[in-house]
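>>> Dropping a prediction and its sequence here:
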Amino acid sequence: MSKFGQGLFDTDPFDLREKQSVRATFKLTRKAIDSLGLVALHMGIKQKSLFDHIIENASTLKGLVRQINIQKFMEKTRVQKTYVLSRKTINILKTISDTHNLPRDALVEYSIMQLESVIMAEKENHKKRKALFKEVLEHFDQGRKLFSKSLELLGENDPFCRKLEKALLAYNKEKNDIKSFLKKSKPLENF
């Protein structure tokens, strides 16, 4: 048998099964749902990866068990939300939920609440990004003025003008990407 084929069969089938993606529905507060989405957006990762990361650490999850106040948990309004997770994450949630006689939703909610420090830091950065973006707009406007001036002095076929125009087109694209990112980050302002 070739070395290629042997490597495939050396993998424990149980390990592959643990990585399999499954859907799970939880009842969470709107704040928890928004928190997960915001952190995933700002870290540039999929919600599944973030979700798996915050849940898969069983020792951290066990530490959260002491913080869960079921009475307070039950008082809040929740909505159903379905996520894609690894089978391993689901198994860890089930084990800890069963062991400590806690709702799985509470474990998920409290795990997500651990992201609040990340969100507050991103909220501060969002304010700074908005201020910097104003400077980007001013800088872009100065570039356009310089381009107009170069057209008057050198003409549109001049190599300097063509290169400057190319630079401004690239700048404009990146400026619009930043603007789009800031728009997606707007929910941070009301967090």
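Noted; the coordinates are in hand. Numbering: from 1, shown residues only.

>>> which stretches of the chain have low pLDDT?
Applying pLDDT under 70 to the chain flags residues 1-19, 57-58.

>>> just the helices in it please.
Here the chain has its helices, by DSSP state H, at 3-10, 13-19, 30-43, 47-56, 58-65, 70-75, 87-100, 104-113, 116-154, 159-184.

>>> list the buried ones in the last one?
Buried residues in helix 159-184, counting neighbours by 16 or more other CB atoms under 10 Å, are found at C161, L164, L168, K175. C-beta: built from backbone N, CA, C; applies to glycine.

>>> how about JSON lines for the residues you listed, with distance to K184 added?
As requested, these are exported to JSON lines (distance: CB to CB, whole Å):
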{"residue": "C161", "distance to K184": "35"}
{"residue": "L164", "distance to K184": "31"}
{"residue": "L168", "distance to K184": "25"}
{"residue": "K175", "distance to K184": "15"}
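
>>> Let me know the closest of the residues you listed to L41.
L41 lies nearest to K175 out of the buried residues of helix 159-184, by CB to CB, at 19.5 Å.

>>> now the closest one: how far from Y83?
As judged by CB to CB, to the nearest Å, K175 and Y83 stand 34 Å apart.
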